[in-house]
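Novice: coords below, sequence missing:
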């Protein structure tokens, strides 16, 4: 595509796949990541490639973008956040800083560096605990129950206002649970970590009956770039602040994930012990399913369904993290 | 009511009327205000009354509530914000701090001081530029266009998550344009200030055709306390995070306000000059009208309609500010 891209969170799951895709299609990527969740291993394959730059920057810091003044970017992709939802309850200040303040500071960067397009990694967690299923983008009442969901909805609110105030165009992607080889957190990450500690038993938080929508990170990235290309901004606010659910149509249960992980890691030998709560942690949403009709109308389809994405990620992450 | 109330923004338009009402009904009020928009004159009538305390505190500061540890409050009413919407465009950082960060820090205060109930002064600006009119609380797509509206929606998002995470119960009031004697900003405040400077002419920002919903501050306060009393929290998140539009049913145009202000201040002698833009400033929403059916079902009605509230505020503020 030949774009100059400023990317935050580039050493994370989504950011590293965004980088791979952009470099492969002729774009340049300037990546900022503070390596809290992301790791250098996720970006080391890019380091020798022309068009790739990396800085270990905390983009929640006011004025982080000052060294970039005078440089030109076509696009800011903001993927930095604390995407490990379960951690928010114990430290909401830290979570708000990493998920909300990063966005606010990136918006100031886009305004000051005159970057015309802003792509934002949001989440189905903005919909809160009991939305209609499958949930469309224009669902009434956005009442998040996790600190993470709050930080993302707060981010969306300021993106919407910056679109109006400073001429930025925005593409907001509300992801399902994104999975892939370079996991940094989440249920598969946790289960494999636990089984490596104790191959005889897997203790599951909650009763395992939660069913959620999962999407492969490569599909996720293709969907982001597809919507960016196929849905250019219009004149009105609603055509310049565009929100897309980005996931698969189906869902996968925690029980399916537990059983497949036990099969892959221990050959089915570990015993699975479930808890009794219907949720895994405070702020967990036990059932998520997204309507992906809007992005579908732009001609995008995921290549893997929810469960196929999960099962592939279990294998890929298990190998990658050996 | 005999409540112990922690109130922020108590020297502002809404906060000072909340204080008056609470003291009159036997409650105690601990008021924190940094006097950026609010003024000491708004609270001096309370200073000799038992049950009133005042501290000049900036509640966006992390840990502002530390001196209150060990004290007990029934209720936190968070009215502090930069409610002068037109200022956000030029200084979004300042606006985000005063409208969003204050809320986040007040939520930490409510959690740490174990204050069970949180009343929040939100705004119709969360609905953005083109909502259905009259706008119900559960309108799809909250896409604010002002920095102020973004700060309030971001606040609501974190209130929603704190309700889930830390056992707080919340009442969120989305106000129309609140008017009354103790104005600190806004169209009436501006028009009267301009006419005092130049009694021969009133220059109006925008074409004056904006029509918005106005509500008298005394009605506003009665509505807040009415919903708090008549709609106790339930068990589920939706019954513990309660959102109410709070305004009148009708609307008033900027032209009506200009003409009445000129009549009151200059006896109709000033010439009114309108601009050509359909909005008064970046982020202005030219047409607002709220559905107030939800709070109406609790038995609350405003005593003044939109235009009566505006006309009374013109007279009252003009006398008060002489």
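Specialist: The structure has been received and is ready for your questions. Please read these numbers as outputs of a predicted model, since none were measured by experiment. Residues are numbered from 1 along each chain as shown, chains lettered A, B, ... in the order given.

Novice: Strands of chain A, start to end?
Specialist: A:4-8, A:28-32, A:52-55, A:75-78, A:117-123, A:169-175, A:177-179, A:201-204, A:211-212, A:214-216, A:241-246, A:252-253, A:271-274 (DSSP state E).

Novice: How many residues are close by the residue lying closest to residue A:153 once chain neighbours are set aside?
Specialist: For residue A:153, ignoring the flanking residues on the chain, the nearest one in space by C-beta to C-beta, 6 or more residues apart in numbering or on different chains is residue B:157 at 3.9 Å. (Glycine included, C-beta is placed from N, CA and C.) Residues within reach of residue B:157, counting by other C-beta atoms under 10 Å in any protein chain shown, total 30.

Novice: distance of residue B:157 from residue A:128?
Specialist: As for residue B:157, its distance to residue A:128 is 9 Å (criterion: C-beta to C-beta, to the nearest Å).

Novice: likewise residue A:220?
Specialist: Taking C-beta to C-beta as the measure, residue A:220 falls 22 Å from residue A:128.

Novice: next one: residue A:12
Specialist: In terms of C-beta to C-beta, residue A:12 sits 24 Å off from residue A:128.

Novice: again with residue A:209
Specialist: From residue A:209 to residue A:128 the distance is 19 Å (C-beta to C-beta).

Novice: Pick out whichever of these two has more residues nearby.
Specialist: Using other C-beta under 10 Å as the criterion, residue A:209 and residue A:128 rank with residue A:128 on top: 27 against 13.

Novice: just to revisit the earlier point, what's the residue nearest to residue A:153 in contact with, if anything?
Specialist: Going by C-beta atoms under 8 Å, 6 or more residues apart in numbering or on different chains, residue B:157 touches A:126, A:142, A:144, A:149, A:150, A:151, A:153, A:154, A:157.

Novice: can you do 10 Å?
Specialist: By C-beta atoms under 10 Å, 6 or more residues apart in numbering or on different chains, the contact set of residue B:157 is A:100, A:126, A:128, A:142-144, A:147, A:149-157, B:100, B:103, B:126, B:142.

Novice: Buried ones among those residues?
Specialist: Taking 16 or more other C-beta atoms under 10 Å in any protein chain shown as the criterion, what is buried in those is A:100, A:126, A:128, A:142-144, A:147, A:149-157, B:100, B:103, B:126, B:142.

Novice: tell me which parts of the stretch 151-300 of chain A are close to chain B?
Specialist: A:151-166, A:172, A:236-238, A:241, A:243, A:282-284 (C-beta under 10 Å from any C-beta of the partner chain).

Novice: how many other residues sit next to the closest residue to residue A:204 other than its chain neighbours?
Specialist: In this structure, residue A:204 finds its nearest non-sequential neighbour in residue A:274, 4.9 Å apart by C-beta to C-beta, 6+ apart. Using other C-beta under 10 Å, residue A:274 has 16 neighbouring residues.

Novice: what's the distance between residue A:274 and residue B:81?
Specialist: Using C-beta to C-beta, residue A:274 is found at 45 Å from residue B:81.

Novice: Would you map the helices across chain A?
Specialist: With DSSP state H as the criterion, chain A has helices at A:13-24, A:92-96, A:102-112, A:147-166, A:187-197, A:217-230, A:237-240, A:254-266, A:293-296, A:306-320.

Novice: re earlier: could I get the strands of chain A in a markdown table, plus columns for mean pLDDT?
Specialist: Formatted as a markdown table, those follow (pLDDT from 0 to 100):
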| stretch | mean pLDDT |
| --- | --- |
| strand A:4-8 | 98 |
| strand A:28-32 | 98 |
| strand A:52-55 | 98 |
| strand A:75-78 | 98 |
| strand A:117-123 | 98 |
| strand A:169-175 | 98 |
| strand A:177-179 | 97 |
| strand A:201-204 | 96 |
| strand A:211-212 | 95 |
| strand A:214-216 | 98 |
| strand A:241-246 | 98 |
| strand A:252-253 | 98 |
| strand A:271-274 | 97 |
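
Novice: Any chance of TSV for those strands, columns distance to residue B:90?
Specialist: Formatted as TSV, the strands of chain A follow (distance: least, C-beta to C-beta, whole Å):
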stretch	distance to residue B:90
strand A:4-8	25
strand A:28-32	27
strand A:52-55	30
strand A:75-78	22
strand A:117-123	20
strand A:169-175	21
strand A:177-179	37
strand A:201-204	52
strand A:211-212	43
strand A:214-216	40
strand A:241-246	21
strand A:252-253	48
strand A:271-274	55
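
Novice: which one of the ones you listed lies closest to residue B:72?
Specialist: Taking C-beta to C-beta, strand A:117-123 is the member of those nearest to residue B:72, at 37.2 Å.

Novice: Could you list the low-pLDDT ranges of the stretch 51-200 of chain A?
Specialist: Residues of the stretch 51-200 of chain A meeting the criterion pLDDT under 70: none.

Novice: So which of the helices of chain A is the most surrounded?
Specialist: Sort the helices of chain A by mean neighbour count, taking mean count of other C-beta atoms under 10 Å in any protein chain shown, and helix A:147-166 sits at the top with a mean of 28.

Novice: That one vs strand A:241-246, what angle?
Specialist: Per axes from the mean of the first three to the mean of the last three C-alpha atoms, to 10 degrees, the angle that helix A:147-166 makes with strand A:241-246 is 150 degrees.

Novice: now helix A:147-166, how far from the chain's geometric center?
Specialist: 16 Å (C-alpha atoms, centre = their mean, to the nearest Å).

Novice: And for stretch A:308-322?
Specialist: With C-alpha atoms, centre = their mean, you get 17 Å for stretch A:308-322.

Novice: Same check on stretch A:161-176?
Specialist: 16 Å.

Novice: Report whether the expected contact of residue A:300 with residue A:230 is present.
Specialist: Yes: using C-beta atoms under 10 Å, residue A:300 is in contact with residue A:230, at 7.8 Å.

Novice: joint contacts of residue B:157 and residue A:128?
Specialist: A:142, A:143, A:144, A:149, A:150, A:153.

Novice: Now for the last one: which residues touch it?
Specialist: Each residue near residue A:153 by C-beta under 10 Å, 6+ apart is listed here: A:100, A:122-123, A:125-128, A:142-144, A:174, B:142, B:153-154, B:156-158, B:160-161.

Novice: hmm, try it at 8 Å
Specialist: Neighbouring residues of residue A:153 by C-beta under 8 Å, 6+ apart: A:126, A:142, A:144, B:153, B:154, B:157.

Novice: what about it, distance to residue B:110?
Specialist: 19 Å.

Novice: The third one too?
Specialist: With distances taken as C-beta to C-beta, residue A:144 is found 17 Å from residue B:110.

Novice: what sits against residue A:223?
Specialist: By C-beta under 8 Å, 6+ apart, the neighbours of residue A:223 are A:173, A:244, A:246, A:295, A:300, A:302.

Novice: For residue A:283, the count of nearby residues, please.
Specialist: For residue A:283, using other C-beta under 10 Å, the count is 24.

Novice: Same question for residue A:67.
Specialist: Neighbours of residue A:67 (other C-beta under 10 Å): 10.

Novice: Report the contact partners of it.
Specialist: Contacts of residue A:67 by C-beta under 8 Å, 6+ apart: none found.

Novice: Residue A:215 too?
Specialist: Here residue A:215 is in contact with A:175, A:176, A:177, A:178, A:179, A:246, A:247, A:248, A:302, A:304, A:306, A:309 (C-beta under 8 Å, 6+ apart).
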